[in-house]
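Chemist: Here is my input, please return the structure:
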Amino acid sequence: MYIKRVAKGIMVLALYVEDILLARGNLKMIKATNHWLSSVFEMNDVGEVRYVIGMKIVRNRPKKLLGMCQEAYFKRVLEHFRMHYFNTLK
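Modeler: Numbering: from 1, shown residues only. All right, here's what the predicted structure looks like:
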């Protein structure tokens, strides 16, 4: 996890194996960082993230809220241990 602090806020770059996740309220800064990374590394921009390391990204843009839901991860763990029939997550 890398954090860049600037006068107008913070940008977070999370790196996991070969995946990069950029988070920042300023889209211009994200685009500039993405452009620079693309000039240095071979990479593909797959757009807005929906899942990261098995967790669902949950957004409420009007309220400016961002969260993560681990339901999919828990379901995989239950299935792995053959306990998914106990699953009450709906």
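Chemist: how much space between the closest residue to Y73 other than its chain neighbours and V12?
Modeler: Leaving aside its chain neighbours, Y73 sits nearest to G54 (4.2 Å; criterion: CB to CB, 6 or more residues apart in numbering). In short, each C-beta sits where N, CA and C put it, glycine included. In this view, G54 and V12 are 19 Å apart by CB to CB, to the nearest Å.
Chemist: what's next to stretch 42-55, contact-wise?
Modeler: Under the contact criterion CB atoms under 8 Å, 6 or more residues apart in numbering, stretch 42-55 has outside partners 14, 16, 19-21, 34, 37-38, 56-57, 68-70, 72-73, 76.
Chemist: Oops, could you answer that again for stretch 11-23 instead?
Modeler: 1-4, 24, 26, 29-30, 33-34, 37, 43, 49, 52-53, 66.
Chemist: Phi, psi for the residue most central in space within the chain please.
Modeler: Residue closest to the mean C-alpha point of the chain, counted by CA atoms, centre = their mean, is V52 at 4.7 Å. Backbone torsions for V52, taken as degrees, to the nearest 10, come to phi -140, psi 130.
Chemist: on that earlier part again, what about the residue nearest to Y73, how many residues nearby?
Modeler: 14 (other CB atoms under 10 Å).
Chemist: neighbours around K28, how many?
Modeler: Around K28 there are 9 residues (other CB under 10 Å).
Chemist: part of a helix, is it?
Modeler: Yes: according to DSSP: H, G, I helix; E, B strand; the rest coil, K28 belongs to a helix.
Chemist: With that, I have no additional questions.
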